[in-house]
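Colleague: quick check, what structure comes out for this input:
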Amino acid sequence: MRRHGKPCAFFSFAGFWRIRQAMTNFLKMHGLGNDFIIFDWRDGGPATVSEAAARALADRRTGIGCDQILVIRPSDRADIRMDILNHDGSPSGACGNGTRCVADLVMKSGMGPGTDRPLTIETDGADLRAWRAGADISVDMGPVATGWADVPLAHAADTLAVPLGIDGLGDAVCHSLGNPHAVVFVDDAEAVDLPRLGPLAETSPLFPDRVNLSVVSRMDDGSFRMRVWERGVGITMACGSGACAVGVAVARRGLAGDANRIVMDGGAVTIDWDRETTHVTMTGPVAYVCEGSLSAGLAGLLEAGDVRP
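Modeller: Numbering: from 1, shown residues only. Okay, here's the model as predicted:
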């Protein structure tokens with residue numbers, strides 16, 4: 001290429017189109033119905049995804065449709081980095097189901113570490129490890145922070161029994177897995193008016209960073225039934241970090257042991273909490289939906305950001 005008649009050594013049309021094609025390719029996956037648009041930008045892509053672009057992509061009528069958007073990038077300290085964007089374009093520090101999906105994708109592509117060690121994944125919330133567990137994927141979601149300032153809450157409180165001040169919701173068990181969670185135990189999770197109560201909890205002044213709300217009841221077989229309202233998303237069929245939060249809440253309250261089966265709208269995962277290290281491991285399935293390339297209109301929203309090599 002020439003600029004004003006002089007060679008331009010720093011620009012390559014071939015490199016530009018390679019990056020652009022990789023930028024507009026996407027994969028759709030889900031973990032128990034919690035669905036994701038995944039971009040693999042390890043070879044280059046926009047430095048950021050704007051809230052407008054995220055909302056357009058996530059729209060189920062005029063976009064591709066998803067609960068969250070996941071971007072795979074190179075990492076200086078792990079095998080990969082994963083950026084997480086909610087349906088409304090806000091960032092998230094953790095996504096358990098999404099981590100399982102991305103881990104399976106990278107390991108299947110042959111670009112992971114192989115079978116000799118777990119795949120390491122850098123996120124805003126923590127550095128995670130993932131490995132195969134038969135047909136499923138296990139993810140060490142890192143340590144659980146149980147202090148009131150870690151959640152965070154707006155004021156000091158016993159995180160085993162936090163009064164929410166919301167009619168219809170009792171005291172919550174609160175902790176953080178890179179994002180804030182409130183778990184409320186009820187007689188019947190199916191009977192809770194989650195569309196009404198979820199937004200009230202998410203936007204409560206008690207939670208400066210907003211919160212993910214899970215309502216939970218014990219099932220006859222000893223499993224725990226969970227329904228979830230995710231901040232920035234709403235009701236979803238499954239929430240991996242939320243299931244981890246529920247498993248830890250069950251153990252912290254002494255309602256069962258440290259390994260529990262958590263049943264969500266989309267299916268079940270196994271949650272195992274290590275009290276000594278406070279790390280929590282989630283094991284469950286993933287599924288592939290489709291792959292494709294963005295339309296010119298949607299691609300244009302991404303291209304509004306700077307493309308980095």
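
Colleague: assumed T99 was part of a helix.
Modeller: Yes: judged by DSSP: H, G, I helix; E, B strand; the rest coil, T99 forms part of a helix.

Colleague: what's in contact with stretch 157-170?
Modeller: Under the contact criterion C-beta atoms under 8 Å, 6 or more residues apart in numbering, stretch 157-170 has outside partners 146-148, 151, 153, 171-175, 182, 184-186, 192-193, 196-197, 200-201, 204, 206, 213, 215, 252-253. In short, each C-beta sits where N, CA and C put it, glycine included.

Colleague: now do the buried residues in it.
Modeller: The neighbour-count check on stretch 157-170 (16 or more other C-beta atoms under 10 Å) flags A157, T159, V162, L164, I166, L169 as buried.

Colleague: state the helix or strand in which the first one lies.
Modeller: This points to A157. For A157, there is no helix or strand it lies in under DSSP states H and E.

Colleague: what does the fifth one give?
Modeller: Secondary structure from DSSP H and E places I166 outside every helix and strand.

Colleague: for it, give me the pLDDT.
Modeller: At I166, the model reports a pLDDT of 97.

Colleague: which phi and psi does it have?
Modeller: Backbone geometry at I166, expressed as degrees, to the nearest 10, gives phi -120, psi 120.

Colleague: ok, back up a step: in the buried residues of stretch 157-170, find the pair that's most separated.
Modeller: Farthest-apart pair in these is T159 and I166; separation 16.9 Å (C-beta to C-beta).

Colleague: can you pull out the helices in this protein?
Modeller: Ranges of helices in the chain, per DSSP state H, are 13-24, 51-58, 96-108, 194-202, 240-252, 296-303.

Colleague: helices or strands up against the second one?
Modeller: Pointing back at helix 51-58 there. With contacts taken as 3 or more C-beta pairs under 8 Å, 6 or more residues apart in numbering; DSSP states H and E, helix 51-58 sits against strand 68-73, helix 296-303.

Colleague: give me the contacts around the shortest one.
Modeller: If I follow you right, that is strand 68-73. Strand 68-73 has contacts (C-beta under 8 Å, 6+ apart) with 34, 36-42, 45, 49, 54, 57-58, 80-87, 92, 95, 98, 101-102, 105-106, 233.

Colleague: about what we covered before: any idea which of the helices and strands packed on helix 51-58 is most buried?
Modeller: Highest mean neighbour count of the helices and strands packed on helix 51-58: strand 68-73, a mean of 22 (counted as mean count of other C-beta atoms under 10 Å).
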